[in-house]
Structures are given as C-alpha cells and as structure tokens.
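[1] Return atomic coordinates for the entry below.
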Amino acid sequence: MKAARWHNAKDIRVDDIPEPEVTAGKVKVRVKWTGICGSDLHEYLAGPIFVPVKTPHPVSGDVAPIVMGHEFSGEVAEVGEGVTKVKVGDHVVVEPILACGECEACRHGKYNICEKLGFHGLSGEGGGFAPYTVVGERWVHKMPEGLSFEQGALVEPAAVALHAVRISSLRAGGTAAVFGAGPIGLLLVEALKAAGAAQIFVVELSEQRGAKAKELGANVVINPKETDAAARLRELTDGGVDVAFEVTGVPMVLQQCIDATKFEGETMIVSIWEKEAPFQPNTVVLKERTLKGTIAYRDVFPAVMELMQRGFFPADKLVTKRIKLDDIVEEGFDALVREKTHIKILVQPDA
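    Model prediction:
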C-alpha cells in the first residue's frame, strides 16, 4: 500500500510499504480522511520533534522513516482477538496517543503527559496518511450516528482546543483572547463558545483567517500590524482578559499574551515550539499572573463528538481543501506554507 512517510525535514515521500496486520487487542482501520496538522507541518519544516530518528521511540519501538498522519477517521476493517469495543464496519476516530501506562502521570490517568509520550502518526505504529493503520482497542472511539468522516477527521484537533479550555481557569461569562487564528486557534473559538465565554477576542495578521474567526463567533478581531494588540485588549476589557491562549509558536507573541491578561490572569501555551521564547518574568510576578502549558488531550473525544452533533467545530466552515495521498507534499504541506488562506487540508488515502 502507499503511505506518506517522514524521512527528514522537508523530505516526506509517498512510499510503498506492506499493509499492516491486525493482532490480539488491536483494531485495523480503513482510513477515510486525514487532516494535515500544525504538528505535521512543524515536523516537515523543522523536524524531528516527535519523530524518533536515531533512537527508537520507547513505546512504539519505531524509528524514521515514520508513516505520518494522526488526525483521522475511518471504518473498522478487522479486529484482533479479544476486541469487544468495536466491530467490523463501525465508523471510528482514533485517539492517537502513545503512552507507557506505567509512569506516575499514566498511573494518575493523565496519559497525555506520559514521560514517554508519543503520537500514532508522528512517533511510529503507522499513521493516517495510508489506506490502513492498526491501533490498540483502547484508543478507538465509535462515531455517533450521522457524523461524517470529514467531521470525524476534525475530532483530534478539536480535542486539543477543548482540552486547553477545560484545564484553563476560564469560567462561564469570562473573557478570552486567542493569539493566532490557524486551525487550532479557530477551534479554540468554538471551544470557548461551548464553555460560555462572554467575550472572545482573536489576534491575527491574516484578513481571511480573521474573517473566519468572526464567522465562527469571535466578538472582536485585532490585527497586530495595525495596533498594539495587548494594549488594545486591555483597553477593551478594562484591564485585560481572564485567559489568553498562545497558538502561534512565534517567540515574540508569548510576551504579548502575558501583557494582554488582567491581574491574576492566565496565559495558556498551546503551541508546539521550534525555538525558545523570551519573556520578562516581572510581568508575571508583579501581577501574580499564571503561565500554563497544555499538550494534546485526555478523556475528551466523546465530548467533542457530542458537541459536533450540536453544531460545534463545523467541517464545512473549516475544511478548505481535499486532496489525494499522491499530492500530499505539493498540494498539502507546501500549499500550507505558501497559501496562508488555508485552514484545514484533508487527505484521502487511496485504498
């Protein structure tokens, strides 16, 4: 079968590899749609980050080249011995976590901060940029009736956004700023609406993405080329927002997020970073502000799909392009680099 594999930075190839075989406790999924994630783009441009190169990943045991793709939906093609959660023909999404199950975080149920954390489709064990992939039964979630495969491909990134809001200090009626209206930033707007935020501000350079943020429910969009975003946010909220979400990975933006929050405000760092980000600690200390990081998700996929059934995280407003696996580099990764109007590009593997 064909599969898109990471060989090196700026070197993703569509290779012919053996079709994976199902084993006990595993589920074989025929992939329908897979999204290209910001994390995939980081790996393409500046990796390796999560891709194991010289040393095999401690959970998957794999090393590059790695089949990519971790935002995907599909149909159960085969189940291994002992699998009872799903059956052949079920429509499913996959929670692409690789966790050891033994470290302190895992023992406390916080598998997304496992000491050996990895991702199916980034750290080994196959991936969604292929017609078939095999995953553990634990990580397979049956999709509710009526949810499309395209919508299913958005469950994983929407889970990132919903988890970030869930573990933040935001309360219903609070104010929030989202710095960056890429796919995760836009999904954060949706998650903040679901959480009952009274005012949602978005800081974004792109007019097209800013307009999409407004369409999805942002109250105000601020272009940082035209004004001091942090100062404008303090002015609009009489001192600053309750929570600012950093979703750009651009070093200078972290300080802007901090400066945009009120006293005892919180900055949630959602991005995966390629470089260090300097900030002035006194801007945190003197107002007793908080910085908090968030990675991936835990125990949230079912809630995301329930919200999707109620109209949140709509694929028809977020998917801007659909491509075939053979075109994944030029029309997928390179298109995301050169065309900032894209939000989510979905890939359809050829079976």
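[2] so where's the stretch 201-350 of the chain uncertain?
    Judged against pLDDT under 70, the stretch 201-350 of the chain has no low-scoring part.
[3] Okay, helices next: where are they in it?
    207-216, 229-236, 251-260, 282-285, 301-309, 315-318, 334-338 (DSSP state H, counting those that start in this stretch).
[4] So which of those helices is the most surrounded?
    Per residue and on average, the most neighbours among those fall to helix 251-260, with a mean of 21 (mean count of other Cβ atoms under 10 Å). Where you see a C-beta, it was placed from the backbone N, CA and C, and this is true even at glycine.
[5] In TSV: the helices of the stretch 201-350 of the chain, plus distance to D327.
    What follows is these, written out as TSV (distance: least, Cβ to Cβ, whole Å):
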stretch	distance to D327
helix 207-216	22
helix 229-236	36
helix 251-260	32
helix 282-285	45
helix 301-309	27
helix 315-318	20
helix 334-338	9
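[6] mind listing the strands for the stretch 151-300 of the chain?
    Counting by DSSP state E, counting those that start in this stretch, one finds strands in the stretch 151-300 of the chain at the ranges 175-179, 199-203, 220-222, 241-246, 261-269, 290-293.
[7] need the ones you listed in CSV with mean neighbour count, can you?
    Output for those, formatted as CSV (neighbours: other Cβ atoms under 10 Å):
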stretch, mean neighbour count
strand 175-179, 30
strand 199-203, 26
strand 220-222, 19
strand 241-246, 28
strand 261-269, 21
strand 290-293, 15
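[8] Just put these in JSON lines and tack on distance to H91.
    Below are the strands of the stretch 151-300 of the chain laid out as JSON lines (distance: least, Cβ to Cβ, whole Å):
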{"stretch": "strand 175-179", "distance to H91": "31"}
{"stretch": "strand 199-203", "distance to H91": "32"}
{"stretch": "strand 220-222", "distance to H91": "36"}
{"stretch": "strand 241-246", "distance to H91": "31"}
{"stretch": "strand 261-269", "distance to H91": "32"}
{"stretch": "strand 290-293", "distance to H91": "33"}
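[9] which stretch among these comes nearest D62?
    Smallest distance to D62 across these (Cβ to Cβ): 26.1 Å, for strand 290-293.
[10] what sits against the spatially closest residue to I113 that is not a sequence neighbour?
    Excluding the flanking residues, the one nearest I113 by Cβ to Cβ, 6 or more residues apart in numbering is A105, at 4.6 Å. By Cβ atoms under 8 Å, 6 or more residues apart in numbering, the contact set of A105 is Y111, I113, C114, E115.
[11] I'd like to know which of these are buried.
    For those, a burial check counting by 16 or more other Cβ atoms under 10 Å picks out Y111, I113, C114.
[12] Many thanks, have a good one.
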